[in-house]
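**Student:** Dropping a prediction and its sequence here:
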Amino acid sequence: MIFLYFLVGSCFGSFFDYLLEYAHQEQPLQNRSYCDFCHHSLAWYDLIPIYSYCHLKGKCRYCGIQICSQSFFTEILFGFLSLYYGLFCSFTFSSYLTFLYLCFVTYCDLCYGEFYPLYFYSFLAFWLSTQSCFQLIHWHWFTFFCWTILAFLFSIWNQERWLGDGDLYIIVFFTLLFPFSTWLSILFWASTLGILYFCFSRRSAFVFLPFLCAALYPAIYFSFPLFS
């Protein structure tokens, strides 16, 4: 079972890297993955996470050129993240999906400094499809409405880009799950982690979304009944 978590996580990592590659290059998603050098379409056995890269010694099967190792390390990273979830968290589909998505947006922000609304809407649509009407009734719609207005006003005032669009997307959506007081706690811990990082790294700027996700997931897992 533990190996299954690692395998599924590595498959998600491979898929996430595929999505990021095309989004970063601003290209439409292709039907098949292909070699960046010879542009040969890759067969299914060239796309087995981790194994294919090791079996081919990091080279393209068709042209023999060394390929980028980023996808390989992304597969390993998400494999271990999924393994961590399997070891320490109680499985529910919504919880696992949310965990992987928060890891994904953190990875996007750290590697590319980007947040992709299309992938957020895709996650949102898929996530909502797993919810029941009973669960929708118990969400904090008033808090969501208040934060939506605040986010809209802040987006107008935020001329110096202190917060990115991704931060606002995540904050507004997840306010559905918590009362206002819980969100103040989430923002407090996210800001505290960010300030500590800023003090020790001595950088003039940093991305906030990873710290927001780091503070958000424990609140989801321990506070929201759907994930317990």
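**Tutor:** It's in. Residues are numbered from 1 along each chain as shown.
**Student:** C-alpha from now on. contacts and neighbour counts both.
**Tutor:** OK.
**Student:** Can you pull the poorly scored residue ranges out of this structure?
**Tutor:** 24-32, 132-136, 138, 155, 157-164, 202-206, 221-228 (pLDDT under 70).
**Student:** how does it divide into domains?
**Tutor:** 2-127, 131-227 (automatic domain parsing).
**Student:** got TSV for those domains, with mean neighbour count too?
**Tutor:** As requested, those are exported to TSV (neighbours: other C-alpha atoms under 10 Å):
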stretch	mean neighbour count
domain 2-127	16
domain 131-227	15
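**Student:** which non-adjacent residue is nearest Thr130?
**Tutor:** In space, and not counting its chain neighbours, Thr130 is closest to Ser94: 7.1 Å by C-alpha to C-alpha, 6 or more residues apart in numbering.
**Student:** so which helix or strand takes in the one you found?
**Tutor:** helix 93-112 (DSSP states H and E).
**Student:** The helix or strand following that helix - contacts with which helices or strands?
**Tutor:** Proceeding N to C from helix 93-112, the next assigned helix or strand is helix 117-128, under DSSP H and E. Applying 3 or more C-alpha pairs under 8 Å, 6 or more residues apart in numbering; DSSP states H and E, we find helix 117-128 packed against helix 93-112.
**Student:** CA-only coordinates of the helix it packs on, as CSV, when you get a sec.
**Tutor:** Listed in CSV are the C-alpha atoms of helix 93-112, where the atom choice follows Å, rounded to 0.1, in the frame of the first residue of the first chain:
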residue,chain,number,x,y,z
PHE,A,93,-10.2,11.4,-1.9
SER,A,94,-10.9,15.1,-1.3
SER,A,95,-8.1,15.4,1.2
TYR,A,96,-5.6,13.7,-1.1
LEU,A,97,-6.6,15.7,-4.1
THR,A,98,-6.3,19.0,-2.1
PHE,A,99,-2.9,17.9,-0.7
LEU,A,100,-1.5,17.2,-4.2
TYR,A,101,-2.9,20.5,-5.6
LEU,A,102,-1.4,22.6,-2.8
CYS,A,103,1.9,20.8,-3.4
PHE,A,104,1.5,21.6,-7.1
VAL,A,105,0.9,25.3,-6.8
THR,A,106,3.8,25.5,-4.3
TYR,A,107,6.0,23.8,-6.9
CYS,A,108,4.8,26.2,-9.6
ASP,A,109,5.5,29.3,-7.6
LEU,A,110,8.9,28.1,-6.4
CYS,A,111,10.1,26.9,-9.8
TYR,A,112,8.5,29.4,-12.2
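**Student:** what's the angle between that helix and helix 117-128?
**Tutor:** Calculated by axes from the mean of the first three to the mean of the last three C-alpha atoms, to 10 degrees, helix 93-112 forms an angle of 170 degrees with helix 117-128.
**Student:** Who are the packing partners of helix 93-112?
**Tutor:** Against helix 93-112 (3+ C-alpha pairs under 8 Å, 6+ apart) you get helix 2-24, helix 117-128, helix 209-223.
**Student:** now do 7 Å
**Tutor:** helix 209-223 (3 or more C-alpha pairs under 7 Å, 6 or more residues apart in numbering; DSSP states H and E).
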